[in-house]
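Peer 1: Here is my input; please provide its structure:
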Amino acid sequence: MVSRHSAFYSPLITTIAGGFLERHGLAAEYAVLAAGQRSSTLIGAGAVDVMQSAVSSNWNPMERGESPLPVHFAEINRRDGFFLVGREPDTAFEWSKLAGKAVVADHGAQPLVMLKYAARFNGVEWASVEAVDAGAPEEMARAFREGRGAYVHLQSPAAHQLESDGVGHVVASVGASMPPVAFSSLCCSRAFAKTETFRTFLQAYGDAREWVRTAPAAEVARAEAGFFEGYSMDALAAAIGRYQALGSWEGGLDIPRDLYEQALTVFQTEGGIARRHAYEDVCIDCSGF
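Peer 2: A predicted model of the protein is given here:
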């Protein structure tokens with residue numbers, strides 16, 4: 001299951017779409033977390049084996065004393081995967097242009113914290129930005145199409161579909177505008193992490209992630225097109241190519257400690273957490289599997 005559906009998570013999607021699980025003797029069902037569902041509850045109940053989430057998803061529950069929580073075991077991407085789409089092309093975009101403007105911003109916990117940090121990192125006081133909450137990503141894209149906001153803050157292929165349709169223009173990558181960070185990861189129960197199925201899945205995922213990182217973007221887009229109905233192949237391929245160029249899927253499978261610490265810094269800076277949380281309380285090292 002995934003908490004978000006986006007080409008940003010192609011390394012996981014292609015474990016199924018690219019046949020990597022099948023080659024390792026596994027099959028899977030794919031679903032998107034619905035409103036009101038919690039990944040920790042689903043994993044704890046055994047309804048989900050592997051979840052796309054983020055290390056940050058553990059921190060507030062830890063501060064509330066919740067236990068047990070999922071353990072994060074593999075990196076998906078090491079950059080924020082959101083883009084800013086403006087009304088006009090702007091090859092000379094500067095973050096200062098957001099001041100005084102209405103931005104249809106994703107108000108999910110991590111996306112908004114990262115956007116605020118990127119603005120601060122680039123010299124913009126967030127209080128100077130009119131942050132519009134238009135709802136879920138689909139509703140945000142619709143609001144922008146209907147004329148709301150000077151900018152919209154989306155993952156892709158949604159952002160690149162707006163560009164393909166001539167509705168807007170990708171003017172900035174949030175991920176390229178701030179330091180690398182542990183953004184999204186895979187998690188599971190500590191019990192599942194001890195199974196042979198986990199080991200086999202990890203092998204398939206490692207193969208899929210390397211393929212997504214190195215294969216031509218159009219080839220990856222063709223493989224996973226069935227997961228992105230309603231999006232053009234051009235927009236999907238452009239999104240994958242942009243994520244490759246951004247370095248989203250570089251590095252090994254382990255969640256790097258320095259990027260974990262940077263994620264903590266982002267959340268602390270923006271008031272998203274009360275304290276720093278030890279790596280070992282959230283992550284396990286998968287290099288030995």
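Peer 1: what domains does the record give for the chain?
Peer 2: With domains defined by automatic domain parsing, the chain comprises 7-79+181-282, 83-177.
Peer 1: Output those as TSV; include the columns mean neighbour count.
Peer 2: The C-beta positions use only the backbone N, C-alpha and C, and glycine is treated the same way. Shown next, in TSV, are the domains of the chain (neighbours: other C-beta atoms under 10 Å):
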stretch	mean neighbour count
domain 7-79+181-282	18
domain 83-177	19
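Peer 1: how about these, which one is nearest Met1?
Peer 2: Judged by C-beta to C-beta, the one of those that comes nearest to Met1 is domain 7-79+181-282, at 4.7 Å.
Peer 1: pLDDT (mean, whole number) over that closest one?
Peer 2: For domain 7-79+181-282, mean pLDDT is 96.
Peer 1: now the helices for this protein?
Peer 2: For the chain, applying DSSP state H gives helices covering 10-17, 20-23, 39-44, 59-63, 109-121, 137-145, 158-164, 196-214, 217-224, 233-246, 257-269, 279-282.
Peer 1: Turn these into JSON lines, including distance to Leu33.
Peer 2: JSON lines is the format used below for the helices of the chain (distance: least, C-beta to C-beta, whole Å):
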{"stretch": "helix 10-17", "distance to Leu33": "13"}
{"stretch": "helix 20-23", "distance to Leu33": "20"}
{"stretch": "helix 39-44", "distance to Leu33": "6"}
{"stretch": "helix 59-63", "distance to Leu33": "15"}
{"stretch": "helix 109-121", "distance to Leu33": "13"}
{"stretch": "helix 137-145", "distance to Leu33": "13"}
{"stretch": "helix 158-164", "distance to Leu33": "17"}
{"stretch": "helix 196-214", "distance to Leu33": "19"}
{"stretch": "helix 217-224", "distance to Leu33": "19"}
{"stretch": "helix 233-246", "distance to Leu33": "21"}
{"stretch": "helix 257-269", "distance to Leu33": "20"}
{"stretch": "helix 279-282", "distance to Leu33": "19"}
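Peer 1: Just the CA trace of the lengthiest strand in the chain, in CSV.
Peer 2: Scanning the chain for the longest strand, with DSSP state E as the assignment, gives strand 71-77. Extracted in CSV, the C-alpha atoms of strand 71-77 (Å, rounded to 0.1, in the frame of the first residue of the first chain):
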residue,chain,number,x,y,z
VAL,A,71,9.9,0.0,11.2
HIS,A,72,11.4,1.8,8.1
PHE,A,73,13.8,-0.4,6.2
ALA,A,74,14.5,0.9,2.7
GLU,A,75,14.9,4.3,1.0
ILE,A,76,12.6,5.2,-1.9
ASN,A,77,13.8,8.7,-2.6
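Peer 1: and it, what other elements does it pack with?
Peer 2: Applying 3 or more C-beta pairs under 8 Å, 6 or more residues apart in numbering; DSSP states H and E, one finds that strand 71-77 contacts helix 10-17, strand 184-188, helix 196-214.
Peer 1: tilt between the second one and strand 71-77?
Peer 2: Taking axes from the mean of the first three to the mean of the last three C-alpha atoms, to 10 degrees, strand 184-188 and strand 71-77 form an angle of 150 degrees between their directions.
Peer 1: Give me the sheet partners of strand 184-188 and which way each runs.
Peer 2: strand 51-53 (antiparallel), strand 71-77 (antiparallel) (DSSP bridges).
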